[in-house]
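*Asks:* Got a predicted structure here, sequence first:
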Amino acid sequence: RRYKGTFIDFGCADGYFTFTSESYFNHVIGVDVSITTINELLKTKPEHSEAKFIRSHNYFTALPDSSADVIFMSHLLHKITDMKQFIKEIKRLLKEDGELWILEPKHIINTISQNDEPNNIITQNELMTRLKDDELHFLKHVDIDENYYGAKFTKNEDLFMRFYRQT
């Protein structure tokens with residue numbers, strides 16, 4: 001399936017999801033707090049890649065309002081210390097019918113960085129609690145596989161109601 005629009009990989013780290021998403025989206029932007037990470041990605045990105053990279057500062061990016069059709073984040077929630085400020089930036093970046101896609105591990109697995117500790121696993125219930133916001137609506141949980149789960153959110157109340165009525 002080909003999506004249109006702009007995909008923002010928030011906390012892009014090694015760029016795996018940033019580069020992979022280029023097959024599905026017109027524009028792809030990787031965001032990370034580490035300038036070292038951003039510089040490394042700019043040096044090592046594949047020749048065919050048109051992905052852009054930007055550094056975030058205290059959860060704020062210099063990207064324009066309503067610039068994202070999809071904001072994606074993987075295994076990032078446990079690193080966020082100011083959830084209110086983070087959600088504010090997510091809502092600012094999302095287009096009215098945009099979606100926030102979250103991928104989290106269900107348990108400690110070998111593919112997770114050695115820097116992560118067991119208490120950094122976010123359960124589905126904890127994810128819902130941390131992202132509770134009147135303007136950011138939960139759409140659905142996605143069972144990826146035995147190691148990962150996903151969740152989708154939107155700030156579009158009509159889209160939320162369509163999903164809500166289906167369940």
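*Replies:* Great, that's in hand.
*Asks:* For this structure, just list every one of the helices.
*Replies:* Using DSSP state H, the helices of the chain run over 16-21, 35-44, 83-93, 124-130, 157-166.
*Asks:* wait, which of those helices is closest to residue 75?
*Replies:* Residue 75 lies closest to helix 16-21 among the helices of the chain, at 10.5 Å (C-beta to C-beta). (C-beta placed from N, C-alpha, C; glycine too.)
*Asks:* right, and the helices of the chain - which one's nearest residue 149?
*Replies:* Residue 149 sits nearest to helix 124-130 of all the helices of the chain, at 6.0 Å, using C-beta to C-beta.
*Asks:* Low-confidence regions, the chain specifically.
*Replies:* 1, 109-119, 157-167 (pLDDT under 70).
*Asks:* From what I see, residue 75 and residue 103 are in contact.
*Replies:* Yes. In this structure residue 75 lies within contact range of residue 103 using C-beta atoms under 8 Å: 7.0 Å.
*Asks:* Between the two, which is the more surrounded one?
*Replies:* Taking other C-beta atoms under 10 Å, residue 75 and residue 103 do not tie; residue 75 has more neighbours (20 against 16).
*Asks:* what about the longest strand in this structure?
*Replies:* strand 94-105 (DSSP state E).
*Asks:* between that strand and helix 83-93, what angle do the directions make?
*Replies:* 130 degrees (axes from the mean of the first three to the mean of the last three C-alpha atoms, to 10 degrees).
*Asks:* which other helices and strands contact strand 94-105?
*Replies:* Contacts defined by 3 or more C-beta pairs under 8 Å, 6 or more residues apart in numbering; DSSP states H and E place strand 94-105 against strand 68-74, strand 148-154.
*Asks:* change it to 10 Å
*Replies:* Contacts defined by 3 or more C-beta pairs under 10 Å, 6 or more residues apart in numbering; DSSP states H and E place strand 94-105 against strand 6-10, strand 68-74, helix 83-93, helix 124-130, strand 137-143, strand 148-154, helix 157-166.
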